[in-house]
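Trainee: Can you look at this prediction? I've put the sequence above it.
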Amino acid sequence: MKNRKRLLTLALLCMAVAFSVLGLTACDNKGDNRDPQIVAVYNAYVANANEKGSTPLSYEEWLKSIKGEKGDKGDPGKSAY
């Protein structure tokens, strides 16, 4: 009976650790979810700004400067079905 209780406790502990590890790895967001193509354009902008002797904007500032206002919603297209 004593061994069974220890075995059950050990099994529950292992499951808790496994779920904790899985939960933490699922939340492993490094915060860099930038589009690689946009980052390449930004890097070219930074290189150009440095070459000209000006101070480049931060990535966030640069992105805001090139992003326009939200446009009007377009007309609905026709369905292919």
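Mentor: That came through, no problem. Numbering: from 1, shown residues only.

Trainee: how about the helices in this protein?
Mentor: 2-26, 36-51, 59-66 (DSSP state H).

Trainee: Tyr42: neighbouring residues, count only.
Mentor: Neighbour count for Tyr42, taken as other C-beta atoms under 10 Å: 19. All C-beta spots, glycine's among them, are computed from the backbone N, C-alpha and C.

Trainee: what residues are up against Lys2?
Mentor: Residues counted as contacts of Lys2 (C-beta atoms under 8 Å, 6 or more residues apart in numbering): none.

Trainee: what does stretch 42-58 rub up against?
Mentor: Against stretch 42-58 from outside (C-beta under 8 Å, 6+ apart): Tyr59, Trp62, Leu63, Ser65.

Trainee: Enumerate every residue touching the second one.
Mentor: Translated: Trp62. For Trp62, the contact set (C-beta under 8 Å, 6+ apart) comprises Tyr42, Tyr45, Pro56.

Trainee: May I have the residues that are in contact with Tyr81?
Mentor: Here Tyr81 is in contact with no residue (C-beta under 8 Å, 6+ apart).

Trainee: ok so, going back, tell me which of the contacts of stretch 42-58 is nearest to Arg6?
Mentor: Tyr59 (54.2 Å; C-beta to C-beta).

Trainee: burial count for the closest one?
Mentor: Residues near Tyr59, counting by other C-beta under 10 Å: 15.
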